[in-house]
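Visitor: no sequence on this one, just coordinates:
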């Protein structure tokens, strides 16, 4: 993402009151010179929040006064955007230097000095998002150049927000607008996702446990957006006798595999931060990442996430007397707006069951209880019809093992489960 023509400037710039005042004056001059809406200057506060259509551009229910048919306004706006981009490029290096000093716990410029930088970055971000969301006409070369600067500005802005504790929600919102837009490309996620994830991990490492989850959760959201876009790209078209894939299946497989690994790391760090949304993230990740996938390719990948779910459950409910209050994946998966197919949910529950079996030595009673609850769901809710007889017989064998391990008082029930399993297998062979 680095640009060869990026102007260079050290962090010392941010310590110089005269330079900062010059920057502030320049931003004001740009607003006065260039008309972006009805020939009126856009007013902003000290955090770069616009009251004009630039900030409203991302809200579909609000009407914009900017019109492509007005060529003068169009030229003015592009010139305004180019000027902001130039200023923004100058500020990227010192902004990132401030972040580096921050996580190394060195002295950083005061919040007041950084506000001017944050204002400039947000001014460029808002204008760029407006340009993409409106009918502003730009050449492919202009869009490509703007795209690179915008992505880096988004990351720098959120870094400065965390350093100064100013406009954090605005910075998070701007990235959300970008990842949910129609113009973002798969290649853009290769920069955004690790950048946001690294910010979250860095915040955790330096003890900012309240702020770290905000970046980590945003990283998860960006990952889900990447997967949705990948599935949209997974289509083929025929040109003559040649079948062309927009996104090869092997590439999609790599993207999903890496997404599961990344989400698993985010979940682990979020749990250490005390986040309350971990279970929602696990459920949404399974539902989004496996929405259109051939699950046989991703069993090992999603098993890692399920293992984390089980570990967290065992930690959270180890001393809870009411073991039946421990959550199961089934209810959350079925409650998702677009539930996965029943067969896939069954496979996920079987993996959850297997994980509790593997971890039984850590919490014997809790693991045993969870196994029986999962087995009952598989037998009573999922594997009921004839097409699932083979799956049902396997679960019945697991139930027999669980009952045998729970004591001699359950031997008769154990034998009943084995008898039913044998009967089902015979009916399949007939």
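Guide: Received, thanks. All values reported here derive from a predicted model rather than from experimental measurement. Numbers count the residues shown, from 1 in each chain.
Visitor: what ranges of the protein fall below the confidence cut-off?
Guide: 1-75, 106-113, 135-136, 235-245, 430 (pLDDT under 70).
Visitor: quick check: longest helix of it.
Guide: helix 71-103 (DSSP state H).
Visitor: Would you mind listing the buried residues in that helix?
Guide: By 16 or more other CB atoms under 10 Å, the buried positions in helix 71-103 come out as 73-74, 76-78, 80-81, 83-85, 87-99, 102-103. C-beta: built from backbone N, CA, C; applies to glycine.
Visitor: could you point out which element follows that helix?
Guide: helix 111-133 (DSSP states H and E).
Visitor: helix or strand right after that next one?
Guide: Counting by DSSP H and E, what follows helix 111-133 is helix 140-164.
Visitor: Show me what that following helix is packed against.
Guide: Packing partners of helix 140-164 (3 or more CB pairs under 8 Å, 6 or more residues apart in numbering; DSSP states H and E): helix 71-103, helix 111-133, helix 168-179, helix 186-205.
Visitor: Please, where are all the helices along the stretch 201-350 of the chain?
Guide: Taking DSSP state H, counting those that start in this stretch as the test, the helices found in the stretch 201-350 of the chain are 212-233, 249-272, 278-289, 299-317, 329-334, 342-358.
Visitor: Output the ones you listed in CSV; the columns should cover mean neighbour count and distance to residue 368.
Guide: Conversion of those to CSV gives the following (neighbours: other CB atoms under 10 Å; distance: least, CB to CB, whole Å):
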stretch, mean neighbour count, distance to residue 368
helix 212-233, 22, 32
helix 249-272, 18, 24
helix 278-289, 21, 22
helix 299-317, 18, 12
helix 329-334, 17, 18
helix 342-358, 19, 8
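Visitor: any chance of those helices in JSON lines, plus distance to residue 137?
Guide: Listed next are the helices of the stretch 201-350 of the chain as JSON lines, based on distance: least, CB to CB, whole Å:
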{"stretch": "helix 212-233", "distance to residue 137": "24"}
{"stretch": "helix 249-272", "distance to residue 137": "32"}
{"stretch": "helix 278-289", "distance to residue 137": "34"}
{"stretch": "helix 299-317", "distance to residue 137": "42"}
{"stretch": "helix 329-334", "distance to residue 137": "45"}
{"stretch": "helix 342-358", "distance to residue 137": "45"}
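Visitor: Minimum distance to residue 181: which of those has it?
Guide: helix 212-233 (9.3 Å; CB to CB).
Visitor: Report all helices and strands that the closest one contacts.
Guide: Looks like helix 212-233 contacts helix 168-179, helix 186-205, helix 249-272, helix 278-289 (3+ CB pairs under 8 Å, 6+ apart).
Visitor: need those in CSV with distance to residue 410, can you?
Guide: Output for these, formatted as CSV (distance: least, CB to CB, whole Å):
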stretch, distance to residue 410
helix 168-179, 51
helix 186-205, 45
helix 249-272, 34
helix 278-289, 31
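Visitor: so which of the ones you listed comes closest to residue 124?
Guide: Residue 124 lies closest to helix 168-179 among those, at 10.5 Å (CB to CB).
Visitor: List the contacts of that closest one.
Guide: Identification of contacts with helix 168-179 by CB atoms under 8 Å, 6 or more residues apart in numbering yields 47-49, 58, 122, 125-126, 129, 150-151, 154, 157-158, 160-162, 184, 188-189, 192, 196, 211, 214, 218, 221-222, 225-226.
Visitor: Of the residues you listed, which qualify as buried by neighbour count?
Guide: 48-49, 58, 122, 125-126, 129, 150-151, 154, 157-158, 160-162, 184, 188-189, 192, 196, 211, 214, 218, 221-222, 225-226.
Visitor: and residue 375, which of the helices and strands packed on helix 212-233 is closest to it?
Guide: helix 278-289 (20.0 Å).
Visitor: the inter-axis angle of the closest one versus helix 249-272?
Guide: 170 degrees (axes from the mean of the first three to the mean of the last three CA atoms, to 10 degrees).
Visitor: Next, the angle helix 342-358 makes with helix 278-289.
Guide: 140 degrees.
Visitor: So which residues make contact with helix 278-289?
Guide: Residues external to helix 278-289 that are found in contact with it (CB under 8 Å, 6+ apart): 217, 220, 223-224, 227-228, 256, 259-260, 263, 266-267, 270-271, 298, 302, 305-306, 308-309, 312, 327, 329, 332-333, 336, 338-340, 348.
Visitor: roughly how far is stretch 198-205 from the heart of the chain?
Guide: 15 Å (CA atoms, centre = their mean, to the nearest Å).
Visitor: Now it: buried residues?
Guide: Of the residues in stretch 198-205, those buried (16+ other CB under 10 Å) are 199, 200, 201, 202, 203, 204.
Visitor: Identify all contacting residues around that stretch.
Guide: Residues contacting stretch 198-205 (CB under 8 Å, 6+ apart): 103, 155, 158-159, 162, 211-216, 218-219, 266, 269, 272-273.
Visitor: list the helices and strands the longest helix of the chain packs on?
Guide: Using 3+ CB pairs under 8 Å, 6+ apart: helix 71-103 touches helix 17-33, helix 111-133, helix 140-164.
Visitor: same thing but at 6 Å, please
Guide: Helix 71-103 makes packing contacts with helix 111-133, helix 140-164 when contacts are defined by 3 or more CB pairs under 6 Å, 6 or more residues apart in numbering; DSSP states H and E.
Visitor: Skip the chain neighbours and tell me the closest residue to residue 229.
Guide: Nearest non-adjacent residue to residue 229, counting by CB to CB, 6 or more residues apart in numbering: residue 186, 5.9 Å away.
Visitor: what's the answer for residue 292, then?
Guide: residue 231 (5.0 Å).
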